[in-house]
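Engineer: Below: sequence and its predicted model.
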Amino acid sequence: MAVNLLLHPIVGLLAIALLLAAFTAKVRTRKQYVVHYALGMSSLALSSLAFALGFLTFFQAAREGVEFEETLVFHLIAAAVLFVVLLAQARMGLAMWRRKRHDVYLARHRATARILVVLAVLLAVLGAVTFVTIR
Ligand code: HEM
């Protein structure tokens, strides 16, 4: 497999690691505010890149005759859902940062954070299954 086909999984794993780190920075007893904002925004930036690279990788691999299992479809669905939820999370985070509706958004942002962690782990597992079942 060409080296550039490995870019998508590497960027994707980094994005997931940043998301989990953003979560950890806020659930610890000593909360790290600036670190949290930086990790959250970097995770969003890398997720966007991973999403675009995913499509490029798929089309390049298909051109090279690579075949994928059906798990690829579930991987794509999980990625799309995570991306939309992460966008909503960033929007709420930025609104709180600018002191807008802080009380309303904090409860939602905390609940969504747990959903994101589950989605991120699921996405990584589906990505790993897709990767090891490539033919
Ligand atoms: C994408 C950019 C993000 C920004 C700008 C952002 C910003 C914020 C802000 C302003 C707060 C409230 C701080 C306070 O007043 O206590 C907060 C809380 C929190 N954020 Fe984010 N966030 C982002 C992404 C994320 C992500 C990706 C996660 C986890 C997956 C996450 C998890 C949390 C949690 C758990 C809290 C609550 C902390 C507590 O209980 O005090 N955030 N965030």
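Structural biologist: Done, it's in. Residues are numbered from 1 along each chain as shown.

Engineer: C-alpha only now, for contacts and for neighbours.
Structural biologist: Will do.

Engineer: Near the ligand, which residues of this protein? Just list them.
Structural biologist: Counting by Cα under 6 Å from any ligand atom, the positions of the chain adjacent to the ligand are 19, 22-23, 26-27, 37, 40-41, 44, 89-90, 93-94, 96-97, 106, 109-110, 113, 116-117.

Engineer: Now with 5 Å, please.
Structural biologist: 19, 23, 26, 37, 40-41, 90, 93-94, 96-97, 110, 113 (Cα under 5 Å from any ligand atom).

Engineer: Give me the buried positions along stretch 23-31.
Structural biologist: 23, 25-26 (16 or more other Cα atoms under 10 Å).

Engineer: Could I have the buried ones of the residues of the chain next to the ligand as ChimeraX selection syntax?
Structural biologist: In ChimeraX, a selection of the buried entries from the residues of the chain next to the ligand looks like this (16+ other Cα under 10 Å):
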select :19,23,26,37,40,41,90,93,96,113
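
Engineer: Next, format the residues of the chain next to the ligand as CSV and append secondary structure and pLDDT.
Structural biologist: Listed next are the residues of the chain next to the ligand as CSV, based on DSSP: H, G, I helix; E, B strand; the rest coil; pLDDT from 0 to 100:
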residue, secondary structure, pLDDT
Leu19, helix, 98
Phe23, helix, 96
Lys26, helix, 90
Tyr37, helix, 95
Gly40, helix, 98
Met41, helix, 98
Ala90, helix, 98
Gly93, helix, 96
Leu94, helix, 95
Met96, helix, 94
Trp97, helix, 91
Arg110, helix, 95
Ala113, helix, 98
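
Engineer: And the helices in the chain?
Structural biologist: Along the chain, the segments classed as helices by DSSP state H run 7-27, 33-63, 71-97, 102-132.

Engineer: Could you identify which of those helices is most buried?
Structural biologist: helix 7-27 (a mean of 19; mean count of other Cα atoms under 10 Å).

Engineer: For that one, name the packing helices and strands.
Structural biologist: Applying 3 or more Cα pairs under 8 Å, 6 or more residues apart in numbering; DSSP states H and E, one finds that helix 7-27 makes contact with helix 33-63, helix 102-132.

Engineer: I'm done for today, thanks for sticking with me.
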